[in-house]
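S.K.: I would like the atomic coordinates for the input below:
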Amino acid sequence: MTRTHTHQALGWGMALAMGLAAGLGLGALSYLAARETTAMAFEGNKDIPPIDRDAPEQVQTATFALGCFWGPDARFGALPGVVRTRVGYTGGAKKDPTYHDLGDHTEAVQIDFDPQRITYARLLDVFWSAHDPTARAYSRQYRSAVFFHNDDQRALAEETRDKVAASGGRVRTSVQPLGTFYPAEGYHQKYRLRNTRALMREFARMFPDEASFVASTAAARVNGYLAGYATSERVAEDLDRLGLAGEPGRALLEHVREHGGPTGCPAP
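M.R.: Numbers count the residues shown, from 1 in each chain. Got it, this is the predicted structure:
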């Protein structure tokens, strides 16, 4: 079955984010660019949720591939301590890939996180438990990989890979340096949230441009909650910080209660 996409006619573009990405090259939209994007996008916006206003300035970045990137975007976005997420393409040599002209790249998720609240080691735990690292990938687009940003990340990734191998056999998941990360098209970003119209209307009001929406901690959390990565009790506790009082908050709670646990990506 071919993966399909619902396009929202919101009139948003990726110009700011893509411009920053093109200028940075290695690890595009890294810590500095993401922070600048967030500051510019949020400036003067009185509707920003408390969770975004309280987001830390000092973050670190991790990049993982786990098959279709919609699921990992939601999984990691729901974790306390994760500040923002974005999906994109990396691992190949083709310049400026797109979903329909991917070349030799792999779908991946990039995560900005607060190391005071969640460690890279914890993110690796989630990564390894989210897939079968001994399984052979059926395509380069949907393979699993750790793209490390520095020597410390490399050491931790290789250490945890070797532990997995010692207990479960040959590991086929790649551990490799991050090259250029190309943000994916807007309709892939925060896919679960973007395709939940009642909540997306509220987020369009709070974040009237694409860059601020993608950079939002609230958007990352709600995208994860819609995919089933939180209990209804946790969601209820977070509603005020997410800026979802009234009907939008009730809609989110109803969705979580009705749909239960995590849902994965459709078959590619």
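S.K.: from here on, contacts and neighbour counts on C-alpha atoms
M.R.: Will do.
S.K.: Tell me where the protein has helices.
M.R.: 15-24, 31-42, 50-53, 70-77, 120-129, 151-168, 191-194, 197-206, 210-215, 217-226, 232-242, 247-259 (DSSP state H).
S.K.: quick one: average pLDDT of the fifth one?
M.R.: For helix 120-129, mean pLDDT rounds to 98.
S.K.: Please report the number of neighbouring residues for D209.
M.R.: If you count neighbours by other CA atoms under 10 Å, D209 ends up with 19.
S.K.: so how far is S216 from it?
M.R.: To S216, D209 is 11 Å away according to CA to CA, to the nearest Å.
S.K.: which sections of the stretch 151-268 of the chain are below the confidence cut-off?
M.R.: Low-confidence segments of the stretch 151-268 of the chain (pLDDT under 70): 260-261, 263-268.
S.K.: if you set the cut-off to 80 instead, what comes out?
M.R.: The model of the stretch 151-268 of the chain has pLDDT under 80 over residues 168, 260-268.
S.K.: quick one on the thing from earlier: what's the closest of the helices of the chain to A93?
M.R.: helix 15-24 (14.7 Å; CA to CA).
S.K.: Name the nearest residue to V175, ignoring sequence neighbours.
M.R.: V146 (4.8 Å; CA to CA, 6 or more residues apart in numbering).
S.K.: Show me what the one you found is bridged to.
M.R.: Beta bridges link V146 to F64, V175, judged by DSSP bridges.
S.K.: is it true that Q176 touches N150?
M.R.: No. With contact defined as CA atoms under 8 Å, Q176 does not count as touching N150 (10.4 Å).
S.K.: Pick out whichever of these two has more residues nearby.
M.R.: Neighbours were counted for Q176 and for N150 using other CA under 10 Å; Q176 has more, 15 against 11.
S.K.: Give me the distance between that one and R143.
M.R.: Distance of Q176 to R143, computed by CA to CA: 13 Å.
S.K.: now T119
M.R.: Using CA to CA, T119 is found at 24 Å from R143.
S.K.: neighbour-wise, which of those two wins?
M.R.: R143 (22 against 15).
S.K.: Neighbours of V164, how many?
M.R.: Residues lying near V164 (other CA under 10 Å) number 17.
S.K.: Chain neighbours aside, what residue packs nearest to it?
M.R.: Nearest one to V164, counting by CA to CA, 6+ apart, is V171 at 7.3 Å.
S.K.: got a list of what that neighbour touches?
M.R.: Applying CA atoms under 8 Å, 6 or more residues apart in numbering to V171 gives the contacts P133, T134, A135, R161, V164, A165.
S.K.: circling back to that earlier point, tell me if I'm right that the residue nearest to V175 and Q176 touch.
M.R.: Yes. In this structure, V146 is within contact of Q176 by CA under 8 Å, at 6.3 Å.
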